[in-house]
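1. coords please:
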Amino acid sequence: MGRIKEKKIIITFYTTTDAMAMEDWCKEHGVGGRIIPVPPTIMAGCGLAWCIEPEMEEEMIQAIRKSQISYQAMQEAMI
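-> Numbering: from 1, shown residues only. So this is what the prediction gives:
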């Protein structure tokens, strides 16, 4: 039996550099989430994405504004 998919917020990036910068910034500032390969159901500029729980969406929006890291899109996905 496979793993049960859960709703997550996926932030995609144009470049791997931006994805890695987001990971570093979030770790440094205590913002949750983790780097993942972009799910196959999502089209993205690079192969990495930042994954967070849906309840963290507003916190992540604020973190992106503060970090000034460029991102491609933020969307819900079942992964």
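2. OK, contacts around the residue nearest in space to the middle of the chain?
-> Closest to where the C-alpha atoms of the chain average out (C-alpha atoms, centre = their mean) is Trp50, at 2.0 Å. Trp50 sits next to Ile10, Ile11, Phe13, Ala19, Met22, Glu23, Cys26, Gly33, Arg34, Ile35, Ile36, Met60 when contact means C-beta atoms under 8 Å, 6 or more residues apart in numbering. For glycine as for every other residue, the C-beta is placed from the backbone atoms N, C-alpha and C.
3. Select only the buried ones of those residues in ChimeraX?
-> What follows is the ChimeraX syntax for the buried subset of these, where burial is set by 16 or more other C-beta atoms under 10 Å:
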select :10,11,13,19,22,23,26,33,60
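4. any chance of the contacts of Trp50 in a markdown table, with distance to Ile69 too?
-> Putting those into a markdown table (distance: C-beta to C-beta, whole Å) gives the following:
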| residue | distance to Ile69 |
| --- | --- |
| Ile10 | 15 |
| Ile11 | 9 |
| Phe13 | 8 |
| Ala19 | 9 |
| Met22 | 5 |
| Glu23 | 10 |
| Cys26 | 10 |
| Gly33 | 13 |
| Arg34 | 16 |
| Ile35 | 13 |
| Ile36 | 17 |
| Met60 | 11 |
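5. Tell me the one among the contacts of Trp50 nearest to Ala44.
-> Here the nearest of the contacts of Trp50 to Ala44, counting by C-beta to C-beta, is Phe13; it sits at 7.1 Å.
6. Grab the nearest non-local neighbour of the closest one.
-> The spatially closest residue to Phe13, leaving aside those adjacent along the chain, is Ala19, at 4.3 Å (C-beta to C-beta, 6 or more residues apart in numbering).
7. from the contacts of Trp50, which ones fall inside strands?
-> Per DSSP state E, strands hold the following members of these: Ile10, Ile11, Arg34, Ile35, Ile36.
8. which stretches of this protein have low pLDDT?
-> Filtered on pLDDT under 70, the chain yields the residue ranges 1.
9. In the chain, where's the longest helix?
-> Using DSSP state H to assign secondary structure, the helix with the most residues in the chain is helix 16-29.
10. Counting by contacts, list what it packs against.
-> For helix 16-29, the packing partners by 3 or more C-beta pairs under 8 Å, 6 or more residues apart in numbering; DSSP states H and E come out as strand 34-37, strand 48-52, helix 57-67.
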